[in-house]
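Visitor: Okay, predicted coordinates and the sequence, questions at the end:
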Amino acid sequence: AEPAVKYKRVLLKISGEALMGDQGYGLHPPTVARIAREVQAVHALGVEICMVIGGGNIFRGLAGSAQGMERTTADYMGMLATVMNALGMQAQLEALGLHTRVISAIPMDQVCEPYIRRRAVRHLEKQRICIFAAGTGNPYFTTDTAATLRANEMNCEAIFKGTKVDGVYDKDPKKFADAKRYDTVSYDECLQKNLGVMDASAIALARDNNLPIIVFSLDEPGGFRGILAGQGTYTKVV
Ligand code: UDP
């Protein structure tokens, strides 16, 4: 029997770097396929799934502007990078027989759907996985903020932030053996101590709308499904 799941609709946020595997850059299709299987396992529980994928494996606005590009132009390049990642993820999800839509904040009708809120909600109701691309469509934002925005708009019960570690620690667990993981931590503590869960605007937007952020390890096989089924370790930011 399937475990009882208390979530009906969630948003999974992953960084672009999660898609690059052991490469230093870009997309590694077998890694994308592995994450797609994690998503498939949650979809099989009947959970409606939104996804936001970063673009840092291809291009980051800040890096471009540090090298002399205009920040806004560099940010648009970053947003376009997220569209490539979204298409790469869509391909792997569809290879598993799942129904998906890539929905871009910047219209590019030949490539994917434009973002129309009510249409996206309808896709979710029909069990289609919605991959929100191009961030918020605005420079000076990040895909963490985009994830929080879309999770609010889609009435998701929580954001699941898949990372390389199984939660939020008081210091870097890869550097300090005595680092302690929080079971729960407040938005304000994350902001005050700069715990690196998400950027400050994303955390504030989640806080102001009571949207929990669940930080978990995407490297743990079956980890995403486990957490939705009430198992495994994670940190809940509330
Ligand atoms: N970006 C943006 N507006 C948004 C979302 C993203 O300008 O609403 C740009 C920004 O330049 C950012 C890049 O897209 O550096 C890639 O996104 P992000 O850094 O959030 O990706 P991640 O670190 O999650 O891979």
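Guide: Done, it's in.

Visitor: Just the strands from the protein, written as ranges.
Guide: 9-14, 48-53, 100-104, 113-114, 129-133, 158-163, 184-185, 213-217, 235-237 (DSSP state E).

Visitor: which secondary structure elements does the top helix by length along the chain contact?
Guide: Longest helix in the chain, counting residues (DSSP state H): helix 71-95. If contacts are counted by 3 or more CB pairs under 8 Å, 6 or more residues apart in numbering; DSSP states H and E, helix 71-95 sits against helix 29-43, strand 48-53, helix 61-66, strand 100-104, strand 129-133. Yep, even glycine has a C-beta here, placed from its N, CA and C like the rest.

Visitor: change it to 10 Å
Guide: In this structure, helix 71-95 packs against helix 29-43, strand 48-53, helix 61-66, strand 100-104, strand 129-133, helix 143-153, with contacts taken as 3 or more CB pairs under 10 Å, 6 or more residues apart in numbering; DSSP states H and E.

Visitor: Nearest to the ligand, out of the ones you listed?
Guide: helix 61-66 (2.3 Å; CB to the nearest ligand atom).

Visitor: now check that closest one, is it near the ligand?
Guide: Yes: applying CB under 6 Å from any ligand atom, one finds helix 61-66 touching the ligand at 61-62.

Visitor: With stretch 179-198 instead?
Guide: No: Stretch 179-198 stays clear of the ligand (CB under 6 Å from any ligand atom), getting no nearer than 9.3 Å.

Visitor: Quick check: closest non-adjacent residue to T31.
Guide: Distances taken as CB to CB, 6 or more residues apart in numbering put G21 closest to T31, at 3.8 Å, once the chain neighbours are dropped.

Visitor: Compute the distance between the one you found and V10, please.
Guide: 24 Å (CB to CB, to the nearest Å).

Visitor: More neighbours: which of those two?
Guide: More crowded of G21 and V10, by other CB atoms under 10 Å: V10, with 23 against 16.

Visitor: For stretch 54-70, measure first residue to last.
Guide: 20 Å (CA to CA, to the nearest Å).

Visitor: buried sites along it?
Guide: Residues of stretch 54-70 classed as buried: 54-61, 64-65 (neighbour count, 16 or more other CB atoms under 10 Å).

Visitor: Make a markdown table out of the strands of the chain and add mean pLDDT.
Guide: Below are these laid out as a markdown table (pLDDT from 0 to 100):
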| stretch | mean pLDDT |
| --- | --- |
| strand 9-14 | 98 |
| strand 48-53 | 98 |
| strand 100-104 | 99 |
| strand 113-114 | 98 |
| strand 129-133 | 99 |
| strand 158-163 | 97 |
| strand 184-185 | 98 |
| strand 213-217 | 97 |
| strand 235-237 | 97 |
